[in-house]
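Student: The following comprises the amino acid sequence and a computationally predicted model.
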Amino acid sequence: MHPSNVALITDAQQTEAELIRGQVYDNMNERYAFKYEVKKDLKAYFENTNGARDALKADVQDWKAAGKRVQDMYAAAWNYQIAETKFTPASATGPAHVELQNPVKVSNNYRAAAQADQDLGNTIKGDIAHFNQAITPARNVLKNEINSQWVPAAEAINKSDVQIFEEVVNFPQNDTQQHMDAYHGHFKNATAGINGPQVHAPFAHLMAVESSSNLTLNEQLAYGSVFLMAMIAVAALSNKGKAESKTVEFDVEDLEMTNKKESKKQIKKTLKDIMKTSNTKVTLM
């Protein structure tokens, strides 16, 4: 059978491809719908809690002002205590002495500051409780949307992902082998009576192809040989580039073995340098 008579894509494969393609589009639409649902529910939640959140922002500003007053009360109590502390230095008749005047007043100042601090804490707790109570209806609506819409939608998307993956993995491939067999048969008939060289690729055992391959043994060896030669060529070019990058150039004069004649001026300079290093006086005639 001529290979052109064998369909590359069978009816079963086309049907499966159309099914997977449709699933992919459905999956994308499910994601868009899920995103739209989430944004819609969150928008409704924020709109329904605007009043409560604005009231809480105003309460927070009151907390800050009240907290500043409490800090000032503690600072005033400490400063009053220092002001009412009297120190008497030591003398010839007695040791040094420190005394707190008006101790009740000092204690009352600290107590007032602590009470204001406690009142502020109770106010904060009450404001938060009032805020939670105000947003409870909206929060219950959002919770119901999460449980009834978000979670099922997320699970459906996950199920769709798994289904698409499995469809792709199990895509029918059986007819591909039929096509390859027909191609090999046509090639064999076209080359009938022609002898070919028996070649053995070097290191063929290292490039062995599993029996499930669609290529014949000779085709595997031929392709393996081409692949090996390509690798050798790349390695040779790479080594050549490295060798060229490490080339060292020498001047011809550096390799000369003959003695060069030095001028009288050069000899005088050399002797002068020797004299400097050895403190020897040299007279040049």
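Tutor: Structure's in. What do you need? Numbering: from 1, shown residues only.

Student: The helix or strand hosting Lys188 - what's its average pLDDT?
Tutor: Assigned by DSSP states H and E, Lys188 falls within helix 174-190. Here helix 174-190 scores 65 as its mean pLDDT.

Student: now do stretch 136-148
Tutor: Mean predicted lDDT for stretch 136-148 stands at 95.

Student: ok, and what's touching it?
Tutor: 37, 41-42, 44-45, 48-49 (CB atoms under 8 Å, 6 or more residues apart in numbering). (C-beta placed from N, C-alpha, C; glycine too.)

Student: Give me the buried subset of those.
Tutor: 41, 45, 48-49 (16 or more other CB atoms under 10 Å).

Student: what comes into contact with stretch 45-54?
Tutor: 131, 134-135, 137-139, 141-142.

Student: buried stuff in that stretch?
Tutor: 45, 48-49, 52.

Student: follow-up on the earlier one: so which of the buried ones among the contacts of stretch 136-148 is the closest to Ala156?
Tutor: Asp41 (16.8 Å; CB to CB).

Student: any idea how far Trp150 is from the closest one?
Tutor: 8 Å (CB to CB, to the nearest Å).

Student: again, but for Tyr32
Tutor: Relative to Trp150, and taking CB to CB, Tyr32 is found at 14 Å.

Student: same deal with Ala33?
Tutor: Relative to Trp150, and taking CB to CB, Ala33 is found at 11 Å.

Student: Outside of stretch 75-95 itself, list whatever touches it.
Tutor: Residues contacting stretch 75-95 (CB under 8 Å, 6+ apart): 96-103, 105-106, 109-110, 112-113.

Student: Secondary structure, neighbour count and pLDDT for those - can I get that in TSV?
Tutor: Shown next, in TSV, are these (DSSP: H, G, I helix; E, B strand; the rest coil; neighbours: other CB atoms under 10 Å; pLDDT from 0 to 100):
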residue	secondary structure	neighbour count	pLDDT
Ala96	coil	9	94
His97	strand	11	93
Val98	strand	8	94
Glu99	strand	10	94
Leu100	strand	11	93
Gln101	coil	11	93
Asn102	coil	13	94
Pro103	helix	11	94
Lys105	helix	12	96
Val106	helix	19	96
Asn109	helix	19	96
Tyr110	helix	16	96
Ala112	helix	15	97
Ala113	helix	20	96
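
Student: which one among those residues gets closest to Asp72?
Tutor: Closest to Asp72, out of all of those and judged by CB to CB, is Ala113, at 8.7 Å.

Student: What part of the chain, helix or strand, is modelled with the least confidence?
Tutor: helix 217-245 (a mean of 58; mean pLDDT, DSSP states H and E).

Student: Phe34: which element?
Tutor: helix 11-48.

Student: Would you tell me what the next helix or strand after that helix is?
Tutor: Next along the chain after helix 11-48, with elements defined by DSSP H and E, is helix 50-83.

Student: what about this protein, any weak spots by pLDDT?
Tutor: Within the chain, the stretches with pLDDT under 70 are 1-8, 173-184, 186-187, 190-285.

Student: Using the record, which stretches count as separate domains in it?
Tutor: 3-174, 196-245 (automatic domain parsing).

Student: Looking at those domains, which one is packed in the most?
Tutor: Stretch with highest mean neighbour count among the domains of the chain: domain 3-174 (a mean of 13; mean count of other CB atoms under 10 Å).

Student: residues contacting Thr123?
Tutor: Counted by CB under 8 Å, 6+ apart, Thr123 has contacts 62-63, 66.

Student: repeat that for 7 Å
Tutor: Residues counted as contacts of Thr123 (CB atoms under 7 Å, 6 or more residues apart in numbering): none.

Student: What helix or strand is it located in?
Tutor: Using DSSP H and E, Thr123 falls in helix 103-145.

Student: Tell me which two of the buried residues of stretch 45-54 sit farthest apart.
Tutor: Pairwise across these, and taking CB to CB, the largest span is found between Tyr45 and Ala52, at 11.1 Å.

Student: Report the secondary structure state of Phe165.
Tutor: The local conformation at Phe165, judged by DSSP: H, G, I helix; E, B strand; the rest coil, is helix.

Student: which of the contacts of stretch 45-54 sit farthest apart?
Tutor: Phe131 and Val141 (16.8 Å).

Student: could you check the distance from the nearest residue to Leu42 once chain neighbours are set aside over to Lys40?
Tutor: Among residues not flanking Leu42 along the chain, Leu142 sits closest, at 7.7 Å (CB to CB, 6 or more residues apart in numbering). Here Leu142 is placed at a distance of 11 Å from Lys40 (CB to CB).
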